[in-house]
Every structure is written in structure tokens, then in C-alpha cells.
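# next input, structure requested:
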Amino acid sequence: MAEVGDFPRIVRDVIEHYASFKPSAGQIEVEVVIDEPSGHYELLHSGWANGYRIHGPVIHIDIKNGKIWIQHDGTEYGVANNLVEAGVPKDKIVLAFKPPEVRKYTDYAVA
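Model (predicted):
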């Protein structure tokens, strides 16, 4: 099992894994934004595809109060699954993109 001190490395590894995949359509840049002292980790896409502006998060994760808060997950597989596979206990992962009243029905932390 991973310890809280391992969380920054694990989250960074997950973000960098997804950053290695470049979108196949359009002129899209993949940007990794990490503010480790503040516990903020993001993967963004920005650019143009089929005449439309693309800009937004693919993944947004915060580490706070000893837990990993998944603020946004735009992946097909689910970064929570990646985190669990890396040894993070489910009770240390908050699916922050779900309403607080729904979180108690998941296998993950409520807050």
C-alpha cells in the first residue's frame, strides 16, 4: 500500500502517463501543469480541431488533507483505477467530481 508521502509521485506518474498520448485529430497541445507545493496536478488539452477551439482539463487532481481529490476525470479508464493499481487505498481517494451526497455510495472516500 502506498503512503501519503508517495501520493505526489504516484499522481505525477499517472498524469505523465496520460500526457504521453497525443490526440489524433487537430492541432492539440498536451500540457502538464504541476504545482506540487500546493498539491495541484492537471493535464490540459489546448489547440484547434475542425475549426473549433479546444481548451480544458483532461485530468485535475489535488492532494489535500492526506487524500487525493479527483476534481475532473476525462479519461476513459478512470484515474481512480490507475491510482488504486499504483497502491493508493480507496479510502484515500475522493471522487470530488461526484456530488457529496452520492460519494457515500462509492467504494471511495466521502471527503
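
# would you map the helices across this structure?
Defined through DSSP state H, the helices belonging to the chain, from first to last, are 7-19, 79-85, 100-103.

# for the longest one, packing partners?
Applying 3 or more Cβ pairs under 8 Å, 6 or more residues apart in numbering; DSSP states H and E, we find helix 7-19 packed against strand 27-35, strand 40-49, strand 52-64, helix 79-85. Glycine gets a C-beta too; all of them are placed from N, C-alpha and C.

# so what strands line up beside the second one?
Looking back up the chat, that one is strand 40-49. When pairing is defined by DSSP bridges, strand 40-49 lines up against strand 27-35 (antiparallel), strand 52-64 (antiparallel).

# and among those, the most buried is which?
strand 52-64 (a mean of 17; mean count of other Cβ atoms under 10 Å).

# rewinding a little: for residue 27, which of the helices of the chain is the nearest?
Relative to residue 27, the nearest member of those by Cβ to Cβ is helix 7-19, separated by 16.7 Å.

# pull the CA atoms of the closest one into CSV?
Coordinates of the C-alpha atoms in helix 7-19 are reproduced here as CSV (Å, rounded to 0.1, in the frame of the first residue of the first chain):
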residue,chain,number,x,y,z
PHE,A,7,1.0,10.4,-3.4
PRO,A,8,2.8,13.2,-5.3
ARG,A,9,5.0,10.8,-7.2
ILE,A,10,2.0,8.5,-8.0
VAL,A,11,-0.2,11.3,-9.2
ARG,A,12,2.6,12.8,-11.3
ASP,A,13,3.2,9.3,-12.8
VAL,A,14,-0.5,9.0,-13.7
ILE,A,15,-0.6,12.5,-15.2
GLU,A,16,2.6,11.9,-17.2
HIS,A,17,1.3,8.5,-18.5
TYR,A,18,-1.8,10.2,-19.9
ALA,A,19,0.3,13.1,-21.2
